[in-house]
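Q: need coordinates for the below:
(one chain, ligands or ions: 1)
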Amino acid sequence: MTDSIDEIARKIVARTIEKSAVLELLKVLSDSDRAALLALIKSRQLTHTTTQDGKPPVYEMVDQRDLSADQLRFIETLVAKLVQRYKKSRTAIAEHQVRFVDQRRAFHLIRDLKKMHFQITYESADGAYVQDLDGNRYIDISGDMGVNIFGHRYQPVVDAIKKSLDRGIPLAGYSEQIFEASKLFSEITGHERVLFTQSGTEAVMFAMRIARAATGKQKIVLFDGSYHGLSDVVFASRDLEGHSVAPAPGLLQEFADQIIILEYGDSDALQTLRDDDDIACVLVEPVQSRFPFRQPVDFLRELRVLTSELDIPLVFDEMITGFRVCPAGAQGRFDIAADMATYGKIVGGGMPTGVIAGSPRYMDLVDGGVWNLDDDSMPKSRRTGMAGTHSQNPLKIAAVHAVLSEIQGRSESGVSCENCHCFQKELNVKTENLASELNTYFRFSGFPIQIDCFGSLFRFRFVGRFWGIVEALFFHLLRLNGVETNIQGNCFLTTAHTEGDIREVVRAVKTSLETLRDENFFFLDTLASEETFATIGVDDEMANDDTNSVSERRPPNVLQIDHQLDMDLAEFQA
Ligand code: PMP
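A: Numbers count the residues shown, from 1 in each chain. Just a heads-up that it's a prediction; the model follows:
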């Protein structure tokens, strides 16, 4: 034997040595050498820069159940550093969790990172930056879950809210701005009538009620992978046989029974619309924020034609796409007119709001439609119930008005995306360029990661994995390197992000990944090839299920280098 143990381990991991030769070799090794070799392989203490044939490597990610002593030490040191850095934020949540309730706190929790698993407490936000209680400043790509498209403290919005505040907050009557805001909304989106709600969830919930009132039917059709808020009327998951089930305690199966979840983008699935005569509505998130790479435009067009033919109201949930991908949202971008659409986020300028917009055929079911004050005309008698104390709160309407004025002022043509000059186009290109630069870097460096984007929304997708320790560490390191994201995964650029900010984001992403690679959290997967990138999306099913941590769902792992070889090696461990 001429090679060192280290060299043999390297060859085994890189699969440049025959398995039979390995087995022979193991027989002649001393017990201590054999143990050392196995430990080396298991702990992935190998750094690879190129594969045998000189192509860029394609890395696999370490599983949290396979962490080596060195990796655990790295985590411990990192956690200690982060604990110091976010001292005040950490103390605040540790102290106040007794009273303060927030569902996100337990989301994506991984035991080894528990000490660091909390939201940062912000102190202030300005432009593209947020600052925390400990005085750390970050470039914010969390985009406030898709809200502040002009960045933080955008002056026209701040001014509008301050001005409104100075006039008091009367809630019962209307404000002049609500009329002006409705007009702007209608002009920009092309929808004739507009209703303000208190949140996006509420907008979707009420839109479903309007659809049921209009059709007299019960069932809501929606699509796998979409998110429409957490109201009982649209919150269900799909079991392996395609049945809708109540996904969490407190949700009733009776509600889930009224929801039909179809495969998104699958034309065959639409046969259900013909077969079931109790469908009140089809609700669609045109490009799902969790899967922005799915952009099934032809499917959406087919859906529009079919729902028109069957006279089923089609509702676009434009909560994230609305005013983002084009002034008229996904409907404008794809040139598809929905019967109703739901909005929120951007249009509220940071204030809580939702909006339902649509044709009089549906919206009149809320207020009886248009009638004259001076003749015998009366509101339509068929009306459904819908109200909210803060639906028309003047502070938020002032913000809505400011945002809509800005959007209209910054675009040359309104409703259609073709030949329109709007700031969104520029922002979308800025985001596409960022995604493209980083995707090239990932591909060249072998990181099994892909950024998907739609408009100014983008997401890091760890290929073939759904939320493991490597992804969690990556986001911690990003924060340490000065970039703030959101644990839920959606990232956004805003008009406030300068080219300099974007350079910083690129730098932080690269530094964070290279740290993880150097600490062997990525290891060379010699079975993988360029196809890894072509098969992006293989884990969609897992990605849909974000209620459990990876370790709770998957069986114990074996070495990922080569399962068979690993089993054979195991024989020698006894
Ligand atoms: N629909 C979609 C597509 C959303 O993304 C969201 C929020 N992320 C909602 C509905 C619910 O909106 P809100 O959180 O304002 O209630």
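Q: only C-alpha atoms from now on, for both contacts and neighbour counts.
A: Fine.
Q: quick one: the helices in the stretch 1-150 of the chain?
A: In the stretch 1-150 of the chain, the helices defined using DSSP state H, counting those that start in this stretch lie at 5-14, 19-28, 31-42, 69-85, 87-96.
Q: could you single out the most deeply buried of the ones you listed?
A: helix 5-14 (a mean of 19; mean count of other CA atoms under 10 Å).
Q: could you dump the helices of the stretch 1-150 of the chain into JSON lines and include distance to L109 and mean pLDDT?
A: JSON lines is the format used below for the helices of the stretch 1-150 of the chain (distance: least, CA to CA, whole Å; pLDDT from 0 to 100):
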{"stretch": "helix 5-14", "distance to L109": "31", "mean pLDDT": "69"}
{"stretch": "helix 19-28", "distance to L109": "38", "mean pLDDT": "75"}
{"stretch": "helix 31-42", "distance to L109": "25", "mean pLDDT": "76"}
{"stretch": "helix 69-85", "distance to L109": "14", "mean pLDDT": "96"}
{"stretch": "helix 87-96", "distance to L109": "15", "mean pLDDT": "96"}
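Q: for T201, which of these is the nearest?
A: helix 87-96 (26.7 Å; CA to CA).
Q: and that closest one with helix 69-85, angle?
A: Taking axes from the mean of the first three to the mean of the last three CA atoms, to 10 degrees, one finds helix 87-96 and helix 69-85 inclined to each other by 90 degrees.
Q: show me the contact partners of helix 87-96.
A: V83, M116, F118, Q119, I120, T121, D132, L133, D134 (CA atoms under 8 Å, 6 or more residues apart in numbering).
Q: show me which of these are buried.
A: Among the contacts of helix 87-96, the ones that count as buried by 16 or more other CA atoms under 10 Å are V83, M116, F118, I120, T121, D132, L133, D134.
Q: the second one reaches L82, doesn't it?
A: Yes - because the distance of 7.1 Å satisfies CA atoms under 8 Å, M116 is recorded as touching L82.
Q: need the nearest residue in space to F454, chain neighbours excluded.
A: P292 (5.8 Å; CA to CA, 6 or more residues apart in numbering).
Q: pretty sure that neighbour is in a strand, no?
A: No - P292: not assigned to a strand; according to DSSP: H, G, I helix; E, B strand; the rest coil it is coil.
Q: and it, how many neighbours?
A: When neighbours are counted by other CA atoms under 10 Å, P292 registers 18.
Q: can you give me phi and psi for it?
A: Main-chain torsions, P292, degrees, to the nearest 10: phi -60, psi -20.
Q: how close does it sit to S456?
A: P292 is 11 Å from S456, where distance means CA to CA, to the nearest Å.
Q: which of the contacts of helix 87-96 sits closest to the ligand?
A: Relative to the ligand, the closest of the contacts of helix 87-96 is Q119; by CA to the nearest ligand atom it sits at 17.5 Å.
Q: contacting residues for that closest one?
A: Q119 neighbours (CA under 8 Å, 6+ apart): S89, R105.
Q: how about low-confidence regions in this protein?
A: 1-2, 10-20, 41-56, 413-418, 525-574 (pLDDT under 70).
Q: spell out which parts of it neighbour the ligand.
A: Within the chain, the residues that sit near the ligand (CA under 6 Å from any ligand atom) are S199, G200, T201, Y227, H228, G229, E285, D317, M319, I320, G344.
Q: ok, now with 8 Å
A: Contact residues, the chain versus the ligand (CA under 8 Å from any ligand atom): 145-146, 199-204, 226-230, 285, 288-289, 317-321, 342-345, 352-354.
Q: quick check on the residues you listed: which are buried?
A: For the residues of the chain next to the ligand, a burial check counting by 16+ other CA under 10 Å picks out 145-146, 199-204, 226-229, 285, 288-289, 317-321, 342-345, 352-354.
Q: how about the strands in the stretch 351-500 of the chain?
A: In the stretch 351-500 of the chain, the strands defined using DSSP state E, counting those that start in this stretch lie at 354-358, 449-454, 457-462, 483-484, 491-492.
Q: could you check how far the residue nearest the centre of the chain is from G146?
A: Closest to where the C-alpha atoms of the chain average out (CA atoms, centre = their mean) is N490, at 3.5 Å. Going from N490 to G146 by CA to CA gives 8 Å.
Q: can you list residues touching both of these two?
A: With CA under 8 Å, 6+ apart as the test, N490 and G146 both reach L457.
Q: for the ligand, give me its nearest residue in the stretch 51-200 of the chain.
A: For the stretch 51-200 of the chain, CA to the nearest ligand atom, closest residue to the ligand: G200, 3.4 Å.
Q: what's next to stretch 441-458, contact-wise?
A: 56-60, 146, 287, 289, 291-293, 321, 324-325, 424-425, 427-432, 435-436, 438-439, 459-463, 490-494, 522, 532-533, 536.
Q: cool, stretch 497-516 as well?
A: 127-128, 139, 151, 434, 438, 470, 474, 477-478, 481-483, 522.
Q: buried ones in it?
A: Buried residues in stretch 497-516 (16+ other CA under 10 Å): 497, 501-502, 504-514, 516.
Q: circling back: isn't the residue nearest to the centre of the chain up against D144?
A: No - between N490 and D144 there is no contact under CA under 8 Å: 9.3 Å.
Q: how many degrees apart are the longest helix along the chain and strand 449-454 in direction?
A: Counting by DSSP state H, the longest helix found in the chain is helix 423-445. In terms of direction (the same axes, to 10 degrees), helix 423-445 departs from strand 449-454 by 170 degrees.
Q: residues of helix 423-445 that come out buried?
A: Buried residues in helix 423-445 (16+ other CA under 10 Å): 423-425, 427-428, 430-432, 434-436, 438-439, 441-443, 445.
Q: rewinding a little: F235: which of the strands of the stretch 351-500 of the chain is closest?
A: Comparing these under CA to CA, the one sitting nearest is strand 354-358, at 17.7 Å.
Q: can you give me the neighbour number for L262?
A: 21.
Q: the one 4 residues further on now?
A: The burial count assigned to D266 is 12, neighbours taken as other CA under 10 Å.
Q: excluding covalently adjacent residues, which one is nearest to it?
A: In space, D266 is closest to F299, 7.3 Å off (CA to CA, 6+ apart).
Q: give the contact list for that neighbour.
A: G265, D266, S267.
Q: if I pick the last one, what's in contact with it?
A: Counting by CA under 8 Å, 6+ apart, S267 makes contact with F299, E302.
Q: and it, how far from L273?
A: 11 Å.
Q: looks to me like Q288 is in a strand.
A: No - with three-state DSSP as the criterion, Q288 is located in coil rather than a strand.
Q: start to end distance for stretch 281-288?
A: Across stretch 281-288, first to last residue, CA to CA, it's 18 Å.
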